[in-house]
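Visitor: no FASTA, just this:
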């Protein structure tokens with residue numbers, strides 16, 4: 001208790017001292033300001049102006065220095081740059097570079113060759129939405145003779161169906177009935193092939209039959225990112241009273257993008273009704289009701305007037321789709337080719353390490369193979385090594401190896417014991433396998449780093465990934481390396 005009382009007294013004393021110090025500073029500044037005013041009040045206006053200007057400059061300079069000191073060493077928030085839209089020429093140039101590396105580009109060449117060069121004669125419209133929202137019946141309302149199966153069981157549309165709509169006033173459309181997404185409880189994530197189809201059309205429609213849910217909103221945002229005219233359709237409105245319908249539309253409007261169109265329709269749907277006969281008896285009968293889609297047809301007619309603009313937008317979307325497809329497939333190609341390069345250099349390191357005294361002292365720090373490995377992988381990914389100290393990277397990796405060398409040699413020695421006669425085959429087997437593991441770990445670390453992004457290829461990022469690789473399934477990988485080496489030695493794997 002005495003220590004608590006003492007601490008309280010000290011804090012009270014410090015508080016009094018701080019308050020007195022602040023008051024003293026205020027009094028000193030007040031006295032200084034008063035004396036300065038008394039001396040300058042009778043001075044000429046220009047001298048007073050110069051004095052005030054000097055005071056203002058010194059004050060601003062001081063504030064600027066305080067700001068610079070306060071922000072020194074703090075990283076500035078980087079603004080996200082908007083994606084540069086690829087051109088046909090840029091995609092073709094990337095394809096040519098990829099082809100030089102052995103990438104098979106025939107399919108993408110065909111896609112680019114099939115790009116429309118003229119204004120579309122028919123606008124393509126894709127209908128999305130959860131199962132049982134009435135997408136198929138909505139198309140049936142637009143095209144009564146269309147062979148579209150409708151069912152009370154969700155998800156009757158299992159694949160993309162295409163239908164043609166021709167109106168008397170000249171409106172010509174291709175309607176795509178897309179597979180229904182999952183139930184409302186499921187997080188919305190449209191399949192890649194469905195999203196690719198959405199990028200190929202001119203207009204995207206998302207069909208609701210009730211209030212918008214979180215998964216609906218997520219899917220709508222995904223579709224809106226493609227930059228196409230987006231139409232949100234509230235279907236089956238005959239189920240709601242006028243006041244309910246108005247409130248529902250207002251809420252949906254507040255949840256969708258501002259530039260999205262919102263229309264309310266009532267597609268054809270079957271309903272069981274009771275009919276009273278002349279004799280008073282009742283019978284049940286199923287009738288087709290609804291079919292009011294005029295608002296949607298009118299909206300399509302308005303959009304059709306922008307056919308030229310929509311055709312240009314579709315062409316650009318197809319170029320972007322080809323560019324994204326190229327990026328995905330090229331990334332997969334580089335990963336596989338990178339693994340092959342790493343495997344090749346790991347085998348070379350094993351056989352080159354047979355006569356080495358200690359792994360991690362020749363090849364990693366000063367070795368020719370280490371430099372060639374990094375150069376081969378960076379060339380594969382099209383990354384310049386001018387800003388990276390390759391020799392320094394190898395030396396730093398060698399430092400990581402030395403700290404684990406004893407454990408690694410013990411592990412590879414135990415693994416080699418499981419292969420009778422391996423000493424006569426390779427000689428210095430444990431050293432050779434250790435070399436292979438080192439190169440495999442370093443190579444895979446570089447591949448993983450380059451695979452993330454070109455800007456991620458720094459010495460520190462590679463070393464972090466290298467350290468993780470050195471802890472990953474070492475025994476299993478050592479066995480695999482030995483089997484590979486023995487298979488090559490005897491001409492079969």
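Guide: The structure has been received and is ready for your questions. Note that the structure is predicted; figures quoted are calculated from it, not measured. Numbering: from 1, shown residues only.
Visitor: how deep is residue 201 tucked in, by neighbour count?
Guide: Here the number of neighbours of residue 201 (other C-beta atoms under 10 Å) works out to 23. No exception for glycine: its C-beta is placed from N, CA and C like everyone else's.
Visitor: my guess is residue 129 meets residue 210, correct?
Guide: No. Between residue 129 and residue 210 there is no contact under C-beta atoms under 8 Å: 11.0 Å.
Visitor: out of these two, which sits in the more crowded spot?
Guide: The neighbour comparison of residue 129 against residue 210 (other C-beta under 10 Å) goes to residue 129, with 23 against 16.
Visitor: that's a helix at residue 259, yeah?
Guide: No. Per DSSP: H, G, I helix; E, B strand; the rest coil, residue 259 lies outside any helix segment and is coil.
Visitor: Got the phi and psi for it?
Guide: phi -90, psi 0 (degrees, to the nearest 10).
Visitor: can you pull the contacts of it?
Guide: By C-beta atoms under 8 Å, 6 or more residues apart in numbering, the contact list for residue 259 reads residue 230.
Visitor: hey, which helix is longest across the chain?
Guide: In the chain, with assignment by DSSP state H, the single longest helix is helix 307-352.
Visitor: So for stretch 464-484, what gets flagged as buried?
Guide: With burial defined by 16 or more other C-beta atoms under 10 Å, the residues of stretch 464-484 counted as buried are 465-467, 469-470, 474, 477-479, 481-482, 484.
Visitor: and which of those residues is nearest to residue 23?
Guide: Comparing the buried residues of stretch 464-484 against residue 23 with C-beta to C-beta picks out residue 467 as the nearest, at 57.7 Å.
Visitor: Now that closest one: which helix or strand?
Guide: If you go by DSSP states H and E, residue 467 is part of helix 459-469.
Visitor: what packs against that helix?
Guide: Helix 459-469 is packed against helix 390-402, helix 429-452, with contacts defined by 3 or more C-beta pairs under 8 Å, 6 or more residues apart in numbering; DSSP states H and E.
Visitor: Residue 245: which of the ones you listed is closest?
Guide: For residue 245, the closest of the helices and strands packed on helix 459-469 is helix 429-452, at 49.5 Å, according to C-beta to C-beta.
Visitor: Break down the stretch 101-250 of the chain into its strands, ranges please.
Guide: 123-129, 161-166, 172-177, 203-208, 230-234 (DSSP state E, counting those that start in this stretch).
Visitor: Adding mean pLDDT, write those out as TSV.
Guide: Below are the strands of the stretch 101-250 of the chain laid out as TSV (pLDDT from 0 to 100):
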stretch	mean pLDDT
strand 123-129	88
strand 161-166	80
strand 172-177	84
strand 203-208	93
strand 230-234	94
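Visitor: Contacts for the helix holding residue 467 next, please.
Guide: 388-389, 392-393, 396-397, 400, 440-442, 444-446, 448-449.
Visitor: Run the angle between that helix and helix 429-452 for me.
Guide: Interaxial angle, helix 459-469 versus helix 429-452 (axes from the mean of the first three to the mean of the last three C-alpha atoms, to 10 degrees): 130 degrees.
Visitor: Quick one: mean pLDDT over helix 459-469.
Guide: Averaged across helix 459-469, pLDDT comes to 83.
Visitor: What is the burial count for residue 326?
Guide: Counted by other C-beta under 10 Å, the residues lying close to residue 326 total 21.
Visitor: just residue 221 next, same as before
Guide: For residue 221, the count of nearby residues is 13 (other C-beta under 10 Å).
Visitor: which residue packs closest to it, ignoring adjacent ones?
Guide: Excluding the flanking residues, the one nearest residue 221 by C-beta to C-beta, 6 or more residues apart in numbering is residue 257, at 7.4 Å.
Visitor: if I look at the one you found, how far off is residue 416?
Guide: 63 Å (C-beta to C-beta, to the nearest Å).
Visitor: higher neighbour count, the two?
Guide: Taking other C-beta under 10 Å, residue 257 and residue 416 do not tie; residue 416 has more neighbours (20 against 14).
Visitor: coming back round to it: so which of the strands of the stretch 101-250 of the chain comes closest to residue 31?
Guide: Set against residue 31 and scored by C-beta to C-beta, the strands of the stretch 101-250 of the chain come closest in strand 230-234, at 69.7 Å.
Visitor: what's in contact with that closest one?
Guide: The list of residues contacting strand 230-234 from outside it, by C-beta under 8 Å, 6+ apart, reads 127, 129, 138, 203-209, 220, 223-224, 248-249, 252, 256-257, 259-265, 296, 299.
Visitor: Next, the angle from that strand to strand 123-129.
Guide: Using the same axes, to 10 degrees, strand 230-234 lies at 50 degrees relative to strand 123-129.
Visitor: So, low pLDDT: which residues of the stretch 101-250 of the chain?
Guide: Within the stretch 101-250 of the chain, the stretches with pLDDT under 70 are 145-159, 168-170, 180-191.
Visitor: List the beta-bridge partners for residue 207.
Guide: On the basis of DSSP bridges, residue 207 is bridged to residue 129, residue 233.
Visitor: Verify the stated contact: it with residue 132.
Guide: No. Counting by C-beta under 8 Å, residue 207 stays clear of residue 132, with 10.2 Å between them.
Visitor: which one of these two has more residues nearby?
Guide: Higher neighbour count among residue 207 and residue 132: residue 207, with 25 against 18, using other C-beta under 10 Å.
Visitor: who's in contact with that one?
Guide: 127-129, 133-135, 138, 233, 235.
Visitor: Filter these down to the buried ones and hand me the PyMOL line.
Guide: Entered in PyMOL, the line below selects the buried ones among the contacts of residue 207, by 16+ other C-beta under 10 Å:
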select buried, resi 127+128+129+133+134+135+138+233+235
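Visitor: Go through the contacts of residue 207 and say which is closest to residue 338.
Guide: residue 128 (37.2 Å).
Visitor: Could you single out the nearest of the contacts of helix 459-469 to residue 331?
Guide: Distances from residue 331 to the contacts of helix 459-469, taken by C-beta to C-beta, are shortest for residue 448, at 12.2 Å.
Visitor: Local confidence estimate at the closest one?
Guide: Reported pLDDT for residue 448: 88.
Visitor: Same check on residue 333?
Guide: Looking at residue 333, its pLDDT reads 92.
Visitor: before we move on, what about residue 417?
Guide: 64.
Visitor: between the helix holding residue 467 and helix 390-402, what angle do the directions make?
Guide: With the same axes, to 10 degrees as the basis, helix 459-469 and helix 390-402 are set at 30 degrees to each other.
Visitor: Dump the contacts of residue 207 into JSON lines; add distance to residue 174 as well.
Guide: Below are these laid out as JSON lines (distance: C-beta to C-beta, whole Å):
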{"residue": "127", "distance to residue 174": "11"}
{"residue": "128", "distance to residue 174": "15"}
{"residue": "129", "distance to residue 174": "18"}
{"residue": "133", "distance to residue 174": "21"}
{"residue": "134", "distance to residue 174": "20"}
{"residue": "135", "distance to residue 174": "15"}
{"residue": "138", "distance to residue 174": "15"}
{"residue": "233", "distance to residue 174": "17"}
{"residue": "235", "distance to residue 174": "20"}
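Visitor: with the contacts of residue 207 in mind, which one is nearest to residue 308?
Guide: residue 127 (23.6 Å).
Visitor: distance of that closest one from residue 211?
Guide: 19 Å.
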